[in-house]
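S.K.: fold the following and give me the result.
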Amino acid sequence: MNRYPAFVFGGFAAVLAILLIWFWGHESAPDIDYLAGGKKIICFGDSLTFGTGAPEKMSYPAHLSRILKRPVVNAGVPGDTTASALLRLQREVLDRSPGIVLITLGGNDLKNRLPADAAFENLKTIVERIQKTGALVVLGGISIPFWDRGFSDRYRTLSEDTGAVLVENVYEGILGDRSLMSDTIHPNADGYRIMAEHFAEALEPYVSTS
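M.R.: Numbering: from 1, shown residues only. I've put the predicted structure just below:
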């Protein structure tokens with residue numbers, strides 16, 4: 001005869017199931033050295049990558065380089081849309097032996113009210129062409145309530161479809177705080193530092209800072 005009530009075994013099974021789900025959901029990142037063989041960390045994007053609104057050495061790529069203690073290439077061009085970025089992808093990224101590419105694109109498509117479908121088709125092409133080189137892609141999303149026309153959801157869908165790492169909102173903790181913004185769109189040096197911290201957190205499983 002069973003000495004323990006059925007609910008005890010049921011409770012144990014439920015706890016075990018929760019633990020297994022937790023471990024599966026918190027698997028360590030693949031043991032891949034994305035920066036082996038001289039591969040580069042490249043920040044590819046628009047004015048948010050270039051660092052508009054801050055001194056040259058205070059862009060988010062410059063802050064990220066200091067956090068990671070590694071060289072970081074700034075391939076940002078103010079005003080870039082996803083379409084114009086796609087045209088320079090080969091020269092600015094693929095020809096530079098990328099190991100990790102961080103992307104901030106889509107903001108100018110949003111600002112200029114360009115079609116979202118075309119913007120995210122361009123972004124998907126950019127992400128997939130970079131991934132074909134074996135590089136890790138980190139996608140910087142934008143979430144602006146009542147204004148982003150569903151772009152935030154599309155960044156999430158793109159990340160799920162391609163396997164790119166997602167920073168859901170590069171503006172988190174920055175936008176709306178006048179002490180961190182140089183204008184209504186661009187952070188200042190302190191704002192870019194916070195943006196770099198968002199990307200550094202996303203890179204933590206893949207890049208050692210020691």
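
S.K.: tell me which helix or strand Tyr206 sits in.
M.R.: Element membership for Tyr206, per DSSP states H and E: none, as it lies in no helix or strand.

S.K.: wait, doesn't it sit right on Leu102?
M.R.: No: Tyr206 lies out of contact with Leu102 (C-beta atoms under 8 Å); the separation is 11.3 Å. (Glycine included, C-beta is placed from N, CA and C.)

S.K.: when the two are compared, which one has more neighbours?
M.R.: Set Tyr206 next to Leu102 and count neighbours by other C-beta atoms under 10 Å: Leu102 wins out with 27 against 17.

S.K.: which element is that one on?
M.R.: Here Leu102 is assigned to strand 98-104, by DSSP H and E.

S.K.: immediately after that strand, which helix or strand?
M.R.: By DSSP H and E, the next helix or strand past strand 98-104 is helix 107-111.

S.K.: buried stuff in the helix or strand that that next one is followed by?
M.R.: With elements assigned by DSSP H and E, the helix or strand that comes after helix 107-111 is helix 116-131. For helix 116-131, burial by neighbour count (16 or more other C-beta atoms under 10 Å) applies to Ala116, Ala119, Phe120, Asn122, Leu123, Lys124, Ile126, Val127, Arg129, Ile130.

S.K.: stretch 94-110 now?
M.R.: 94, 96, 98-110.

S.K.: still on that earlier bit, now, among the buried residues of helix 116-131, which is nearest to Met181?
M.R.: Checking the buried residues of helix 116-131 against Met181 with C-beta to C-beta, the nearest one is Ala119 at 23.8 Å.

S.K.: what's the spacing between the closest residue to that closest one other than its chain neighbours and Arg154?
M.R.: Nearest residue to Ala119 in three dimensions, chain neighbours excluded: Asp109, at 3.9 Å (C-beta to C-beta, 6 or more residues apart in numbering). Counting by C-beta to C-beta, to the nearest Å, the gap from Asp109 to Arg154 is 11 Å.

S.K.: right, I'll call it a day here.
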